[in-house]
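Student: what shape does this take:
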Amino acid sequence: MANSERCFDLRKGDAHFKDEVVRAAGGETLTRCFACGICTGCCPVSEIDNRFRPSSIIQMVLLGQREELLKSPIIWYCWQCYSCSFHCPQGVKFASVVRVLRYMAVDEGFVSAELMEKLHDIEISVRKVRRRILDEFFEAYEKTGHIPDQIDDIFEKSFLIKDSFSEEI
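Tutor: Numbering: from 1, shown residues only. Okay, the predicted model is just below:
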C-alpha cells in the first residue's frame with residue numbers, strides 16, 4: 001500500500017519524535033513544511049519509484065511514526081541531490097532531514113553502522129556508474145556527431161569495457 005493510502009494509529013505515535021529531529025543538526029527546517037508536495041514532484045527518486053515520497057516521510061515524522069520510519073529502508077532511497085531543497089517554497093532541507101533520520105536509525109539500533117557504511121559504498125558506486133555511462137554517451141556523440149539512439153547499448157558497454165571497473169568501484 002502506498003504511503004498516501006496508509007493509516008497510522010496516532011495513539012502509538014511518538015509525540016516527541018519531530019522535536020528530536022528538529023533539535024538535531026540538519027533537522028531544523030522540518031516544521032516549516034506545509035505539505036505542498038513540491039519536494040515529491042521534483043524528486044528524481046519519486047519519478048522512478050512511487051514508494052519514495054518526501055512529503056510522506058515528513059508527514060510520518062510530524063505524526064510521530066518513529067519506529068516505522070527508522071526501521072524502513074525508504075529513508076535510504078534519497079539520493080541526497082537536494083533538488084527538493086532548491087524547490088521548496090518554505091526552505092525545508094529534506095535531504096538534511098533524511099540524514100538526521102539515517103543517523104537516528106543507527107543510533108537507535110534499527111540499522112547497524114556497518115550497514116550504513118555499505119549503503120554509502122553503494123552510493124559511491126552508483127555515482128561512478130553514472131559517470132561511466134555519461135563518458136560512453138559523450139564518446140559516442142563525439143565520434144559520430146549525432147546524439148546516440150541506443151542508450152541501452154551505451155549502458156551495457158559502460159559495464160563491459162575495462163576489467164578495471166570493479167577495482168574502480
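Student: I'd like the mean pLDDT over the lengthiest helix in the chain, please.
Tutor: Longest among the helix segments of the chain by residue count, using DSSP state H, is helix 113-144. Helix 113-144 shows a mean pLDDT of 91 in the predicted model.
Student: what packs against that helix?
Tutor: Applying 3 or more CB pairs under 8 Å, 6 or more residues apart in numbering; DSSP states H and E, we find helix 113-144 packed against helix 94-107, helix 151-160. Glycine gets a C-beta too; all of them are placed from N, C-alpha and C.
Student: quick check: angle from that helix to helix 94-107?
Tutor: 140 degrees (axes from the mean of the first three to the mean of the last three CA atoms, to 10 degrees).
Student: for helix 113-144, buried residues please.
Tutor: V129, R132, I133, E136, F137, A140 (16 or more other CB atoms under 10 Å).
Student: how far off centre is that helix?
Tutor: 16 Å (CA atoms, centre = their mean, to the nearest Å).
Student: got the angle for it vs helix 151-160?
Tutor: Using the same axes, to 10 degrees: helix 113-144 against helix 151-160 is 120 degrees.
Student: just to revisit the earlier point, by mean pLDDT, show me the worst of the helices and strands packed on helix 113-144.
Tutor: When I compare those, helix 151-160 is least confident, with a mean of 73.
Student: just the C-alpha atoms of that one, please, in CSV.
Tutor: Provided in CSV are the C-alpha atoms of helix 151-160 (Å, rounded to 0.1, in the frame of the first residue of the first chain):
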residue,chain,number,x,y,z
ILE,A,151,21.1,4.3,-24.9
ASP,A,152,20.8,0.6,-23.7
ASP,A,153,23.9,-0.3,-25.7
ILE,A,154,25.8,2.6,-24.1
PHE,A,155,24.6,1.4,-20.7
GLU,A,156,25.7,-2.2,-21.3
LYS,A,157,29.0,-1.1,-22.9
SER,A,158,29.8,1.0,-19.8
PHE,A,159,29.7,-2.2,-17.7
LEU,A,160,31.6,-4.4,-20.2
